[in-house]
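J.: I'll drop the sequence and a predicted model, then ask my questions.
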Amino acid sequence: MPLHPLIVHFPIALLVFGAVIEIVNVVFKKETLNQFGTLLITFGVILGIFALLSGEGAEEFAFQNWGQGLHNQVDLHSFFANVSIILFGILAIIKLLFKHSILSWSGSGYKQINKGIISIVIVFLSISGIVSLAITGDLGGKLVYENDNILMDKTTK
């Protein structure tokens, strides 16, 4: 049995919770929320990469056990999983660079970055990431449950 279904839910929880915190923090503007959101998003992306890698093994498992007819569904699920990690990866980079001042953007020739624009980008990426994750999860659930491919002993019915 592949590891993918066992580990995929941890990054989903971290990313969704982190994205919600980012959206809420646009209103409250608290440094603790800023730091907590960044932490959740960053660790969610790291764990999400492991989930993507484990998905390769799950893909082979699906084709061996359920047939090659699932190719389009698996490819679509994989596409949205990659989009999700890219969106949240960009969000993590923006958070680390602009919100935590790893680079000094106000000195040595750089123009001051408009914080309002950064906040809009953060909210856009957060919402887009959640939507992409929801599509990914829906497609993954359909792969398992709507194809009569439930990973359990069929004799217990």
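T.: Everything's here; your move. Residues are numbered from 1 along each chain as shown.

J.: hey, where'd the helices end up in this protein?
T.: All helices of the chain, identified by DSSP state H, fall at 4-7, 9-28, 31-66, 71-94, 115-145.

J.: what angle sits between the last one and helix 31-66?
T.: This means helix 115-145. 30 degrees (axes from the mean of the first three to the mean of the last three Cα atoms, to 10 degrees).

J.: residues near Phe124, how many?
T.: 12 (other Cβ atoms under 10 Å). Where you see a C-beta, it was placed from the backbone N, CA and C, and this is true even at glycine.

J.: whoops, I mixed them up, Gly67
T.: Neighbours of Gly67 (other Cβ under 10 Å): 11.

J.: List the residues that contact His71.
T.: Shown in contact with His71 (Cβ atoms under 8 Å, 6 or more residues apart in numbering): Phe63.

J.: what's the pLDDT at it?
T.: If you check His71, the pLDDT there is 84.

J.: quick one: it and Glu59, what's the gap?
T.: 9 Å (Cβ to Cβ, to the nearest Å).

J.: Could you do Asn65 as well?
T.: 11 Å.

J.: And those two? Which one has more around it.
T.: Taking neighbours as other Cβ under 10 Å, Asn65 and Glu59 compare with Glu59 leading, 19 against 12.

J.: What count of nearby residues applies to the nearest residue to that one once chain neighbours are set aside?
T.: In space, and not counting its chain neighbours, Glu59 is closest to Val74: 5.5 Å by Cβ to Cβ, 6 or more residues apart in numbering. By the criterion of other Cβ under 10 Å, Val74 has 19 neighbours.

J.: Give me the below-cutoff pLDDT ranges for this structure.
T.: Residues of the chain that meet the criterion pLDDT under 70 lie in 1, 99-113, 147-157.

J.: got a list of what the closest residue to Ala13 other than its chain neighbours touches?
T.: Nearest non-adjacent residue to Ala13, counting by Cβ to Cβ, 6+ apart: Gly44, 8.0 Å away. Contacts for Gly44 were tallied using Cβ under 8 Å, 6+ apart; they are Pro11, Ile12, Ala13, Leu14, Leu15, Gly18, Phe88.
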